[in-house]
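Colleague: I'd like to go over a predicted model; first the sequence, then the structure.
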Amino acid sequence: MSAPSAQLPDHMPDPHSNSAASLLQKIERSQLFQSSVIFIIVLSAIAIGAKTYDLPPLFSQLLSALDFAITLFFLAEILLRFSAHPNRKRFLADGWNLFDTLIVIGSLLPIGNSEAILIGRLLRVFRVLRLVSAIPELRSLINALLKAIPQMGYIALLMFIIFYIYAAIGSLFFTDINQDLWGDVSISMLTLFRIATFEDWTDVMYETMTVYPLSWVFYLSFIFLTAFVFLNMMVGAILDVMTAEHNSETEAQAHLERENMALKIDQIQSQISDIQQLLREQTKKP
């Protein structure tokens with residue numbers, strides 16, 4: 001009778017599977033792979049920009065072939081990242097992984113009519129945004145910006161209140177001077193937005209100063225509130241979130257290092273215990 005084939009128990013991990021996953025993770029985290037992904041994303045952006053020019057047929061065919069090759073590269077890259085992920089069921093739980101997967105899937109959709117062509121080109125334009133997910137520093141900036149949105153929302157609400165008050169005052173006083181700029185509250189708010197962006201705001205001020213010489217107080221106070229106070233508040237809110245995000249990442253890294261250090265200490269202690277046990281057994285032998 002032939003010997004029964006050895007099989008691993010169900011609860012035992014497959015060493016070949018672990019080695020393959022470890023190899024994929026090593027490739028996915030390597031600097032060469034990350035640099036290659038960034039290079040292909042930049043190359044994709046250049047190809048998209050080149051298609052906006054009138055090119056000879058040969059160059060157009062080369063760009064189409066290049067676009068197809070880039071799409072295949074992105075498909076292979078997302079499959080490698082999925083295979084190297086420690087928990088594949090949680091791969092799409094990460095927002096960046098979900099974003100990259102949707103972009104890649106959208107690039108693979110067949111194009112059969114004019115509307116599909118437009119959607120396909122639009123999705124290829126969005127592939128440039130993958131540069132954000134490929135560079136950790138940019139991901140940190142975007143994450144900080146998203147987390148700062150609630151605070152920025154309250155600041156924007158306060159800005160709207162200030163805009164509305166100044167628009168109502170401007171509409172009351174300056175309607176007879178220029179109906180096109182101060183005819184009602186909505187038009188006045190558009191005028192104030194023009195003033196806040198410093199787009200020929202002095203022309204608007206000098207026009208009202210011919211009737212109200214002290215109207216410069218209205219403009220300068222509005223610019224001081226919107227261009228200096230609220231802008232600094234926006235920047236401050238983003239910086240606070242970025243600082244908190246950086247501190248949390250530092251604490252997480254420190255916690256991971258402490259765990260690794262504790263694991264190494266446990267391993268050393270276990271080895272020392274084994275050595276002591278061997279020494280005791282050697283001393284007991286006659």
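Modeller: Cool, the structure landed.
Colleague: contacts and neighbour counts: CA atoms only from here.
Modeller: Fine.
Colleague: chain center to the host helix or strand of Leu263: distance?
Modeller: Secondary structure assignment for Leu263, by DSSP states H and E: helix 231-284. In terms of Cα atoms, centre = their mean, to the nearest Å, the centre of helix 231-284 is found 27 Å from the chain centre.
Colleague: do the same with stretch 187-195
Modeller: The answer for stretch 187-195 is 32 Å, by Cα atoms, centre = their mean.
Colleague: okay, buried residues for that stretch please.
Modeller: By neighbour count on 16 or more other Cα atoms under 10 Å, the buried set for stretch 187-195 is Ile187, Ser188, Met189, Thr191, Leu192, Phe193, Ile195.
Colleague: do stretch 37-52 as well
Modeller: Val37, Ile38, Ile40, Ile41, Val42, Leu43, Ser44, Ala45, Ala47, Ile48.
Colleague: equivalent analysis for stretch 133-147, please.
Modeller: By neighbour count on 16+ other Cα under 10 Å, the buried set for stretch 133-147 is Ser133, Ala134, Ser140, Leu141, Ala144, Leu145, Lys147.
Colleague: ok, now stretch 48-66?
Modeller: Buried residues in stretch 48-66, counting neighbours by 16+ other Cα under 10 Å, are found at Ile48, Ser60, Leu63.
Colleague: just those: which are in helices?
Modeller: Taking DSSP state H as the definition of helices, the buried residues of stretch 48-66 contribute Ile48, Ser60, Leu63.
Colleague: Leu279: which of those residues is nearest?
Modeller: Proximity of those to Leu279 (Cα to Cα) peaks at Ile48, which lies at 70.5 Å.
Colleague: tell me the spacing between the closest one and Leu108.
Modeller: As judged by Cα to Cα, to the nearest Å, Ile48 and Leu108 stand 16 Å apart.
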